[in-house]
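**Q** Got a predicted model here, sequence first, then my questions.
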There are 2 protein chains.
Amino acid sequence: MIDKLIQKIQKTGAPVVVGLDPTMKFVPDHIRKAAFDEMGETLEGAAEAVWQFNKAIVDSTCDLIPAVKPQIAMYEQFGIPGLAAFKRTVDYCREKGLVVIGDVKRGDIGSTSAAYAAAHLGRVQVGSSLCAGFEEDFVTVNPYLGSDGVQPFIDVCREEKRGIFILVKTSNPSSGEFQDRLLRTGVTAGTAGEDAGGISSPDKPLYEVVGEKVAEWSEQLMGENGYSYIGAVVGATYPEQGSVLRRVMPKSFILVPGYGAQGGTGKDLIHFFDENRLGAIVNSSRGIIAAYQSGRYGKFGPEGFADASRQAVIDMITDIDQAFASVGR
Amino acid sequence: MIDKLIQKIQKTGAPVVVGLDPTMKFVPDHIRKAAFDEMGETLEGAAEAVWQFNKAIVDSTCDLIPAVKPQIAMYEQFGIPGLAAFKRTVDYCREKGLVVIGDVKRGDIGSTSAAYAAAHLGRVQVGSSLCAGFEEDFVTVNPYLGSDGVQPFIDVCREEKRGIFILVKTSNPSSGEFQDRLLRTGVTAGTAGEDAGGISSPDKPLYEVVGEKVAEWSEQLMGENGYSYIGAVVGATYPEQGSVLRRVMPKSFILVPGYGAQGGTGKDLIHFFDENRLGAIVNSSRGIIAAYQSGRYGKFGPEGFADASRQAVIDMITDIDQAFASVGR
């Protein structure tokens, strides 16, 4: 699947993923009204509005982009009908040939992570049948529980040729609260009382130590193009850390959220990529799907929301192209 | 809700939560067969089997215990039908008067955490209606993204009088990989180049620093009994860390997984509690719901699985009582 992602990035010339994170306030009035008229101001009505909104944006942008990233929380808030709209969106995007990155940020102890991996990337045994719950191509994974929370995802990725992106340095303002804390390297609480023998390694922030672990995990499952099925998430809002992490995880594709509405710009992105414009894929959610609500794309109006999204994708690709050009890539 | 949890613990004399984490292999053949005969070897059939299994265990144990903890991954693996069985289980347990702790381990950037909080503890605006997706009393939260990933949960807890348990030190074997790493205190990557002025604080493991943050968050939302709506998760498998964390987070209830099948025993638990047998609630999943499959409760047989679960709950309460008695509490 990492190879398919790379092929699609090369074909479209767009290391771009559209974040399908619909909230009610992004959905134009006419779509909401139609859904509520049909199904009421209910979870079912909300889910229908979200699905119609997504479908129009996907139809309008799918030839330009390699991948989409639906954020499951935005569907989960609408309960079972919302999660059915998530599944419908995932299935529709895959039919359209898009790579689907389920932004689920799951992670738990071993047997539970195995269930999440089966839910989103694999299959589950029911009697003599193998059934699939959700079928994304990649999911995002939270590493706080350590290797035995991550390994079940890797095992399923190997069987199913799917992939994961592990949270390393997230895009949000408080991501540094724990992720930037400096760790004494080579020392854990269990060995704290012992003398390290006078050998002192430099301190490293937690995100770098997690990145080193991702680099290790990556080796387990390499694709054909020099990149692993095991990638990482590093926010566009932290370009310096991105530069460090690009070196620490040379074989991991980096999923980069935080472009656009969260503040990241084209020039912040360069350090996430390798010399061949590969190694990273940049997500924009609000900046694309709610483009019609911004001054820049206001002329499209609510009825033209999908065209506004298409134009915003084109402009984002141009912005990244120009950033590459400015450094001669 | 923390007050309701404490009242129910005092009434039952059981600081115990039953983990409703059904996998197909725990469900007795006769339940599976009935469900598959009716609905096929499908996700729907699996979900029906899980629901019937849960219902029997809840009916058989609900007078003995204050709370249940369904692990959503075990339902999510069965897709939409599985999640519908999760919702049905949550709703049924609440009808029975049980406190429901949704073990969802969600956590994301601010606006996304707000959606998860609405999904599981709050309500979501749909037109002029307020709708609820899932309705647990507590959920578990992953802290890796820092304050702005946690605060939206706290805000919803305040509005809805519900609570959270934040992962601090998890019960799994590799939890130390990141959680036990020693942090230089008072120093983050951003200030690494600067001299700390010769003042040196002792190093602390990450879990302790997360625990200190939980203590801070706890202050925001106190119940009437000296404990906060904001609790923590600390594994029974790490009693020493539990002892430290009990002191670090004096106002946080601790949800303690890892008892029984994962290796934790009654005597490991004492340090998680305060002098009044409060401050902690101990989860057992497999040890209760799959009791009939173990030698100790084999005499109940598959048909008597719910009675075996009841006996396992009684024995767990006795084990904890004896541990208290051994230290004169």
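**A** Cool, the structure landed. Numbering: from 1, shown residues only, chains lettered A, B, ... in the order given.
**Q** and the biggest helix by length in chain A, C-alpha only, in PDB?
**A** As assigned by DSSP state H, the longest helix anywhere in chain A is helix A:305-326. Output of helix A:305-326 as PDB, limited to C-alpha atoms (Å, rounded to 0.1, in the frame of the first residue of the first chain):
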ATOM      1  CA  PHE A 305     -18.500  24.400  -2.200                       C
ATOM      2  CA  ALA A 306     -17.100  21.500  -4.000                       C
ATOM      3  CA  ASP A 307     -15.600  23.700  -6.800                       C
ATOM      4  CA  ALA A 308     -14.100  25.800  -4.000                       C
ATOM      5  CA  SER A 309     -12.500  22.700  -2.600                       C
ATOM      6  CA  ARG A 310     -11.100  21.800  -6.000                       C
ATOM      7  CA  GLN A 311      -9.500  25.200  -6.400                       C
ATOM      8  CA  ALA A 312      -8.100  25.100  -2.900                       C
ATOM      9  CA  VAL A 313      -6.500  21.700  -3.700                       C
ATOM     10  CA  ILE A 314      -5.000  23.200  -6.900                       C
ATOM     11  CA  ASP A 315      -3.600  26.200  -4.900                       C
ATOM     12  CA  MET A 316      -2.200  23.900  -2.200                       C
ATOM     13  CA  ILE A 317      -0.400  21.800  -4.800                       C
ATOM     14  CA  THR A 318       1.000  25.100  -6.400                       C
ATOM     15  CA  ASP A 319       2.100  26.300  -3.000                       C
ATOM     16  CA  ILE A 320       4.100  23.100  -2.400                       C
ATOM     17  CA  ASP A 321       5.500  23.200  -5.900                       C
ATOM     18  CA  GLN A 322       6.700  26.700  -5.400                       C
ATOM     19  CA  ALA A 323       8.300  25.700  -2.100                       C
ATOM     20  CA  PHE A 324      10.200  22.900  -3.900                       C
ATOM     21  CA  ALA A 325      11.200  25.300  -6.700                       C
ATOM     22  CA  SER A 326      12.500  27.800  -4.200                       C
END
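**Q** Give the rounded mean pLDDT of it.
**A** On average, the pLDDT along helix A:305-326 is 96.
**Q** residues making contact with that helix?
**A** A:13-16, A:18, A:28, A:53, A:56-57, A:59-61, A:64-65, A:259-260, A:265-267, A:269-270, A:273, A:277, A:282, A:284, A:287-289, A:291-292, A:297, A:300 (Cβ atoms under 8 Å, 6 or more residues apart in numbering or on different chains). The way it works is simple: take the backbone N, C-alpha and C, and place the C-beta from them, glycine included.
**Q** From those, list the buried ones, please.
**A** Among these, the ones that count as buried by 16 or more other Cβ atoms under 10 Å in any protein chain shown are A:14-16, A:18, A:28, A:53, A:56-57, A:60-61, A:64-65, A:259-260, A:266, A:269-270, A:273, A:277, A:282, A:284, A:287-289, A:291-292, A:297, A:300.
**Q** can you tell me which of those residues are in strands?
**A** Those of the buried ones among the contacts of helix A:305-326 mapping onto strands are A:Val16, A:Val18, A:Val282, A:Ser284, per DSSP state E.
**Q** ok, now which ones touch the second one?
**A** To tie it back to what came earlier, the one meant is A:Val18. Here A:Val18 is in contact with A:57, A:61, A:65, A:67-69, A:283-285, A:288-289, A:309, A:313 (criterion: Cβ under 8 Å, 6+ apart).
**Q** repeat that for 7 Å
**A** Residues in contact with A:Val18 (Cβ atoms under 7 Å, 6 or more residues apart in numbering or on different chains) are A:Thr61, A:Ile65, A:Val68, A:Ser284, A:Ile288, A:Val313.
**Q** Let me have those residues in JSON lines, extended by distance to B:Ser228.
**A** Below are those laid out as JSON lines (distance: Cβ to Cβ, whole Å):
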{"residue": "A:Thr61", "distance to B:Ser228": "45"}
{"residue": "A:Ile65", "distance to B:Ser228": "45"}
{"residue": "A:Val68", "distance to B:Ser228": "40"}
{"residue": "A:Ser284", "distance to B:Ser228": "38"}
{"residue": "A:Ile288", "distance to B:Ser228": "40"}
{"residue": "A:Val313", "distance to B:Ser228": "45"}
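**Q** ok, those residues vs B:Glu95, which is closest?
**A** The closest of the contacts of A:Val18 to B:Glu95 turns out to be A:Val68 (Cβ to Cβ; 39.1 Å).
**Q** The helix or strand harbouring that closest one pairs with which strands?
**A** In the assignment (DSSP states H and E), A:Val68 maps to strand A:67-70. Partners of strand A:67-70 in the sheet, by DSSP bridges, are strand A:16-20 (parallel), strand A:99-106 (parallel).
**Q** I am finished for the moment; much appreciated.
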